[in-house]
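Q: Sequence below, structure please.
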Amino acid sequence: MASLDVEDFIQQNRALADHVETFRGYWESDKHWGPRREFILRNISDYEFQELDQLLSLSMVWANNVFLGCRYSTELLEKVKEMAAGIEVEDAPVFKTRDEIMKKQQGR
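A: Have a look, this model is predicted:
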């Protein structure tokens, strides 16, 4: 679902879109919320109402990895990256591991 597709989906499913808006954290900027909202909307049809907490948790894992550089198990990251395939994040930060920084320092 491309960004335009998401906007079309929101227009056609206003009640669902309004419900998804309630999941936004007060601390989330538009830059963070837009892609996370898209993640939720792309995957919400795969989850029953009782499983929404799991979807919201996965959306936070994905957002934390993309925007904050948080690291999780390989299995979990593969799952959320698959769920987020095609979501474009503008100006996503690039993170380096300690090992990458140390290797660069030693190469001087």
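Q: Go through stretch 85-100 and flag the buried ones.
A: Using 16 or more other C-beta atoms under 10 Å as the test for burial, stretch 85-100 gives 87, 89. Every residue, glycine included, has its C-beta placed from N, CA and C.
Q: Kindly format the C-alpha coordinates of it as PDB.
A: Only the C-alpha atoms of stretch 85-100 are listed here, as PDB (Å, rounded to 0.1, in the frame of the first residue of the first chain):
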ATOM      1  CA  ALA A  85       7.500  -3.800   3.300                       C
ATOM      2  CA  GLY A  86       6.900  -0.800   1.100                       C
ATOM      3  CA  ILE A  87       6.500   1.800   3.800                       C
ATOM      4  CA  GLU A  88       8.600   4.800   2.900                       C
ATOM      5  CA  VAL A  89      10.200   6.700   5.800                       C
ATOM      6  CA  GLU A  90      11.600  10.200   4.900                       C
ATOM      7  CA  ASP A  91      14.800  11.200   6.600                       C
ATOM      8  CA  ALA A  92      15.200   8.000   8.600                       C
ATOM      9  CA  PRO A  93      18.200   8.200  10.800                       C
ATOM     10  CA  VAL A  94      21.200   5.900  10.200                       C
ATOM     11  CA  PHE A  95      22.600   4.100  13.200                       C
ATOM     12  CA  LYS A  96      26.000   2.600  13.600                       C
ATOM     13  CA  THR A  97      26.900  -0.200  16.100                       C
ATOM     14  CA  ARG A  98      29.700   0.200  18.600                       C
ATOM     15  CA  ASP A  99      31.700  -2.300  16.500                       C
ATOM     16  CA  GLU A 100      31.300  -0.300  13.400                       C
END
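Q: model confidence over it, on average?
A: For stretch 85-100, the mean per-residue pLDDT is 80.
Q: pull the helix or strand with minimum mean pLDDT from this protein.
A: Ranked by mean pLDDT, DSSP states H and E, the weakest helix or strand in the chain is helix 3-12, scoring a mean of 68.
Q: how far is that helix from where the chain is centred?
A: 17 Å (C-alpha atoms, centre = their mean, to the nearest Å).
Q: Just the angle for the helix or strand containing residue 38 relative to helix 3-12, thanks.
A: Assigned by DSSP states H and E, residue 38 belongs to helix 30-43. Helix 30-43 and helix 3-12 are oriented at 70 degrees to each other (axes from the mean of the first three to the mean of the last three C-alpha atoms, to 10 degrees).
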